[in-house]
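A.B. asks: Sequence plus the predicted model coming up.
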Amino acid sequence: MHFTYGLAALAGLAQAWPATSKHSLAPRSTSFFDSETGFTFSETKAAATLSSSIIYRIAQPSNVQYGQPYDVVIQVVAPNSLGWVGLAWGGSMVRNPLTVAYPNGQRPTVSSRWATGHYTPGQYSGATYTPLSTGNRSNGTHWQYTVKCTGCTTWSNNFGGITWVDPNGGKRFGFAASASRVSNPSSTSATIPVHDVYNYISHSFSGGANQDFDALLARNGVSSTAEAGNTSKKL
């Protein structure tokens, strides 16, 4: 996979995701029940412009302990003014799973990415995204995707160990977005234009625990086991 960027674009992309400096942000998540999918999500809103926000929602099994791998369901609602949105699970651009998505008609595309430095993130095989049969759409004001992710909550870190996302606590995420559109939105390896917005959110997982997580996945046409070899999927 190859990406082409000019020097100016590369310089801009170096700032496309938050850095690793520490910030004290209190988790501001609320609980949201989605009647369409049946999942209860923890929800955090991230300001994209002065008048619009990206809504990030995460659902996880209720019986997971810290230090265990677990799947999550991610639901993101973005205003039509945005050409792509991204979430950095480790809080910065570098060396953690990046969930990147962009509108593609009625069915958004979700792509698994990873960056080893402050330049264009490549595709990442360590996280797999499987679309639910519901919760994916576009209308006159917003576009939305709902996917199961395997591999978003644990990864090999830069120190030879494993990073775990605590399913019962709070987590600082990085997010980024751009009003510019990708040139080939049906491709999971599309070049991402330079961001317009980047910042942090502090997300609390406590409101997104689901006792019937596997049953809800099945209700929405998804197995609780990751599909082997599926690194990212177009919805």
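C.D. replies: Noted; the coordinates are in hand.

A.B. asks: What's opposite the residue most central in space within the chain in the beta bridge?
C.D. replies: Residue closest to the mean C-alpha point of the chain, counted by Cα atoms, centre = their mean, is Thr99 at 3.6 Å. Here Thr99 sits in beta bridges with Leu87, Ser112, as judged by DSSP bridges.

A.B. asks: so it touches Ser112, yeah?
C.D. replies: Yes. Using Cβ atoms under 8 Å, Thr99 is in contact with Ser112, at 7.2 Å. Bear in mind the C-beta positions are built from the backbone N, C-alpha and C, glycine included.

A.B. asks: residues shared between the contacts of these two?
C.D. replies: Counting by Cβ atoms under 8 Å, 6 or more residues apart in numbering, the contacts common to Thr99 and Ser112 are 127, 129.

A.B. asks: Skip ahead from the helix or strand bottoming out on mean pLDDT in the chain and say which helix or strand is next.
C.D. replies: Lowest on mean pLDDT, DSSP states H and E among the helices and strands of the chain sits helix 7-13, with a mean of 34. Note on helix 7-13: by DSSP states H and E, the next helix or strand toward the C-terminus is strand 30-33.

A.B. asks: C-terminal to that following strand, what's the next element?
C.D. replies: By DSSP H and E, the next helix or strand past strand 30-33 is strand 40-47.

A.B. asks: in its sheet, what does that following strand sit against?
C.D. replies: Neighbouring strands of strand 40-47 in its sheet, by DSSP bridges, are strand 30-33 (antiparallel), strand 53-61 (antiparallel).

A.B. asks: Can you give the distance of it from its chain's centre?
C.D. replies: Averaging C-alpha positions (Cα atoms, centre = their mean, to the nearest Å) puts strand 40-47 12 Å from its chain's average.

A.B. asks: ok, the closest residue to Pro79 other than its chain neighbours to Gln123 distance?
C.D. replies: Excluding the flanking residues, the one nearest Pro79 by Cβ to Cβ, 6 or more residues apart in numbering is Ser52, at 4.3 Å. Separation of Ser52 from Gln123 (Cβ to Cβ, to the nearest Å): 29 Å.
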